[in-house]
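Participant: would you be able to build a 3D model of this:
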Amino acid sequence: MQIETFKVFQDLVDSRSFSKAAQLNFISQSAVSQQIRALEERFHVPLIDRGNKYLSLTREGQIFYESAKEIVNLYQSLQNRLAELRNVVSGVIRVSTVYSIGLHELPPYLRRFLKEYPEVNVRIEYRHARQVYEDVQDGLSDVGLVAYPVQRKTIRVEPFRKDRLVVICYPSHPFAQRKEVTLAEVAKEKFVGFESDIPTRKAIDRIFRERGLELRPVMEFDNIETVKRAVEIEAGISVVPLATVQQELKTGTLCKVEFAGQSYYRPLGILCKAGRVLSPAIKRFLETLKQEPVEGALGD
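Facilitator: Predicted coordinates:
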């Protein structure tokens, strides 16, 4: 019985999906089914309750799952220890990130990491926040990057950075000639924002609501790039993380204005699956993310 078969079973249970287990192990869904049946035949017990609409384990399957996790973790730990003894940092790191972080926060860290560890292949997936949590929880991603991170039982959260939120407007807008504006002034303007279920939008709404104010959305989008483009064509103003508009500020297509009286920040978090054995490459990648940002690469 090969270790890989135990891993396929563990991935199936963790992801609750035959297709995801197949994707994680680079095999077909039918191969996943065949390997599960091979385990059942080898140990003469049913592992999956096939009478249930959703994936669920039998009593024997639950016991087998706990042991399979121990076997796979022990094997991966052995591999990682041997790699560290040889000072080998290679392999693939799968990163799921929301658009604003992946496009504007991650690149300087990624360049630094790849310069130091050129044998590592970092694969970036741009996802919505909910999907980032799912990818990490299901094992489809090794690392997740989100704004306003939320603790979950199966996910370990570590701080990454904090973005300062600023008001942005088009160059001919009256705000463009000012250094500061109040929340009340912003609330009177046509507002281009993120969709209502996006964590950053929820946080911005909360800032205004706590002061008895409501924004006036005229357009809503699911990513930072379309928000910026809408502001550039004079559809309204917006509130965004400073790091996401550095290029537009340099070229003059957008202007930024600070909030009067108080600064507001968007916390960013690093997600990893709780209890997961990390490869040397992932450990070094996390260490890089916790270093000071590259000077001049990110917003002040």
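Participant: ok, the residue lying farthest from the centre of the chain to Ala31 distance?
Facilitator: Centroid-distance maximum for the chain: His44 at 40.6 Å, with C-alpha atoms, centre = their mean. Using C-beta to C-beta, to the nearest Å, His44 is found at 22 Å from Ala31. Heads up, the C-betas are built off the backbone N, CA and C, glycines and all.
Participant: what about the strands in this protein?
Facilitator: 91-97, 120-126, 143-147, 155-169, 180-181, 190-194, 216-221, 238-241, 255-259, 265-273 (DSSP state E).
Participant: which elements pack onto the helix-or-strand element of the chain with minimal mean pLDDT?
Facilitator: Within the chain, no helix or strand scores below helix 59-85, which has a mean of 81 by mean pLDDT, DSSP states H and E. When contacts are defined as 3 or more C-beta pairs under 8 Å, 6 or more residues apart in numbering; DSSP states H and E, helix 59-85 packs onto helix 3-15, helix 29-43, helix 280-289.
Participant: if we can go back for a sec, Phe6: which of the strands of the chain is closest?
Facilitator: Phe6 lies closest to strand 265-273 among these, at 17.1 Å (C-beta to C-beta).
Participant: buried ones in that closest one?
Facilitator: The neighbour-count criterion (16 or more other C-beta atoms under 10 Å) identifies Arg266, Leu268, Gly269, Ile270, Leu271, Cys272, Lys273 as the buried residues of strand 265-273.
Participant: tell me which residues touch the residue nearest to the fourth one when sequence neighbours are not counted, please.
Facilitator: Across the structure, with C-beta to C-beta, 6 or more residues apart in numbering as the measure, the residue nearest Ile270 apart from its sequence neighbours is Glu158 (4.6 Å). For Glu158, the set of contacting residues under the criterion of C-beta atoms under 8 Å, 6 or more residues apart in numbering consists of Gly269, Ile270, Cys272, Leu286, Lys290.
Participant: which one of the helices and strands packed on helix 59-85 is the most hemmed in?
Facilitator: Highest mean neighbour count of the helices and strands packed on helix 59-85: helix 3-15, a mean of 21 (counted as mean count of other C-beta atoms under 10 Å).
Participant: relative to helix 29-43, how tilted is that helix?
Facilitator: Orientation check (axes from the mean of the first three to the mean of the last three C-alpha atoms, to 10 degrees): helix 3-15 against helix 29-43 gives 110 degrees.
Participant: packing partners of helix 3-15?
Facilitator: Going by 3+ C-beta pairs under 8 Å, 6+ apart, helix 3-15 lies up against helix 18-25, helix 29-43, helix 59-85.
Participant: show me what the first one packs onto, helices and strands only.
Facilitator: What that stands for is helix 18-25. helix 3-15, helix 29-43.
Participant: out of those, nearest to Ile93?
Facilitator: Of all the helices and strands packed on helix 18-25, helix 3-15 sits nearest to Ile93, with 17.4 Å by C-beta to C-beta.
Participant: and the contacts of that closest one?
Facilitator: Under C-beta under 8 Å, 6+ apart, the answer for helix 3-15 is 18, 20-21, 24-25, 27, 32, 35-36, 38-39, 47, 55, 57, 61, 64-65, 68-69, 71-72, 75, 137-140.
Participant: out of the residues you listed, which are buried?
Facilitator: 18, 20-21, 24-25, 32, 35-36, 39, 47, 57, 61, 64-65, 68-69, 72, 137-140.
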